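Student: Generate a structure from the sequence data that follows.
(one chain, ligands or ions: 1)
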Amino acid sequence: MRPIKQRADAAPDKSLWPIICREAAEAAARDPVMGLFLRYFILDRKNLQEALLMRLAERLHYGAIIDKNVLLFSFAAVFARLKQAENLVEADLRAVMERDPATTHFMNILLYYKGFQALQTHRIAHALWQDGRKDFACYLQSRSSAVFQTDIHPAAQIGKAVFLDHATGVVIGETTIIEDNVSLLHEVTLGGTGKSGGDRHPKIRRGALIGAGAKILGNIEIGADSKVAANSVVVKTVPPHVTVAGVPARILSKAEAGAMNLFFIGGDGI
Ligand SMILES: CC(C)(COP(=O)(O)OP(=O)(O)OC[C@H]1O[C@@H](n2cnc3c(N)ncnc32)[C@H](O)[C@@H]1OP(=O)(O)O)[C@@H](O)C(=O)NCCC(=O)NCCS
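Tutor: Below you'll find the model as predicted:
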């Protein structure tokens, strides 16, 4: 998906942590009420990973039995073994900044955006699942679903620079694959049809956009860079570089030679 905006001070070769610290220091100076909170979660932390894991542990432990420090220790152990963990986190932060017109501060994504936080929790749960620690992975899925209203099965495979916008009501099934640079709006279901077992969930290819409320059902593909309009129900594979809409979804438009041309396919749809 083409970026909507890019921040000049956040070029890809620049680390985001100094930018986040500067944003937090400016916010603390603007409003003293926020000072303690920002010191605790950002200004007193030594790097992006520590800040993220503190925030996740704080949000996920609240009201539950497993202690915050146990979560924090466990998350840090998982992160230490994840390949390129910090790069993945930065790529997800940049995805939100570039694709969400309302976002102006990386700090806010880190501290508040529940789609971003649910995705980071999933990355930890997925690593635990792959290591055979399925009980802990399911516990995190359950806490994440309760706290962030985003239900992602720990086995689901999710690439980098993925953006879950708002994220309320998102459901992502066990055998789903989401490739890099995909964006999902709230209330999206990537689910099974209820008619088959095994590999039964959608495969969302690079750069696709799935609009709010869309339901993608079955082991079908949404092709690279395709868009699914809000509230569509998709039950057949969608080719790359098209826009689909409706119930059931039909092709509305197709990108040709770099331009979006509208055309309508009647009858058999996609
Ligand atoms: C489909 C979408 C990507 C726009 O694609 P587009 O190719 O630019 O399409 P257009 O806006 O030119 O509309 C093309 C046709 O599709 C229709 N259309 C657009 N969105 C639709 C939808 N969700 N359902 C049904 N029809 C839709 C338009 O009415 C138009 O119909 P017409 O040709 O009869 O006038 C966009 O409408 C959409 O749904 N984006 C999802 C964004 C979202 O979820 N936002 C929530 C933010 S909180």
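
Student: Nearest residue to the residue in the chain that the ligand sits nearest to in space, ignoring adjacent ones along the chain?
Tutor: Nearest residue of the chain to the ligand, counting by CB to the nearest ligand atom: Gly211, 2.9 Å away. For glycine as for every other residue, the C-beta is placed from the backbone atoms N, C-alpha and C. Once flanking residues are discounted, Gly211 sits nearest to Ala230: 3.7 Å by CB to CB, 6 or more residues apart in numbering.

Student: The residue of the chain closest to the ligand: neighbour count?
Tutor: Neighbourhood size, Gly211 [other CB atoms under 10 Å]: 21.

Student: unless I'm mixing things up, it is touching Lys227, no?
Tutor: Yes. If you go by CB atoms under 8 Å, Gly211 and Lys227 touch, sitting 7.1 Å apart.

Student: List the contacts of the residue nearest to Gly211.
Tutor: Taking CB atoms under 8 Å, 6 or more residues apart in numbering, we find Ala230 in contact with 185, 211-214.

Student: ditto for Leu82
Tutor: Here Leu82 is in contact with 88, 123, 127 (CB under 8 Å, 6+ apart).

Student: pLDDT averaged over the host helix or strand of the last one, what's the number?
Tutor: Assigned by DSSP states H and E, Ala127 belongs to helix 114-130. Taken as a whole, helix 114-130 has a mean pLDDT of 97.

Student: and what of stretch 154-165?
Tutor: Confidence for stretch 154-165, expressed as mean pLDDT, is 98.

Student: Likewise for stretch 222-240?
Tutor: Stretch 222-240 comes out at a mean pLDDT of 98.

Student: How about that stretch and the ligand, any contact?
Tutor: Yes. Legend: contact between stretch 222-240 and the ligand by CB under 6 Å from any ligand atom is shown at 227, 229-231.

Student: what's the closest non-adjacent residue to His126?
Tutor: Ranked by CB to CB, 6+ apart and with sequence neighbours excluded, the top spatial neighbour of His126 is Pro154, at 5.5 Å.

Student: Domains of the protein: list them as residue ranges, please.
Tutor: Domain ranges of the chain: 1-149, 156-270, per automatic domain parsing.

Student: which of those has the lowest average pLDDT?
Tutor: Ranked by mean pLDDT, the domains of the chain bottom out at domain 156-270, with a mean of 89.

Student: gap between that one and the chain center?
Tutor: Centre-to-centre, domain 156-270 and its host chain are 15 Å apart (CA atoms, centre = their mean, to the nearest Å).

Student: repeat for stretch 72-79
Tutor: Here stretch 72-79 is found 20 Å from its chain centre; the criterion is CA atoms, centre = their mean.

Student: what sits up against it?
Tutor: Contacts with stretch 72-79, where a contact means CB under 8 Å, 6+ apart, come from 49, 53-54, 56-57, 85, 124, 127-128, 136.

Student: one more time with 7 Å
Tutor: The contact list for stretch 72-79 (CB atoms under 7 Å, 6 or more residues apart in numbering) reads 49, 53-54, 56-57, 85, 124, 127-128.

Student: Name the member of those that has the highest neighbour count.
Tutor: Highest neighbour count within these: Ile124, with 25 neighbours (other CB under 10 Å).
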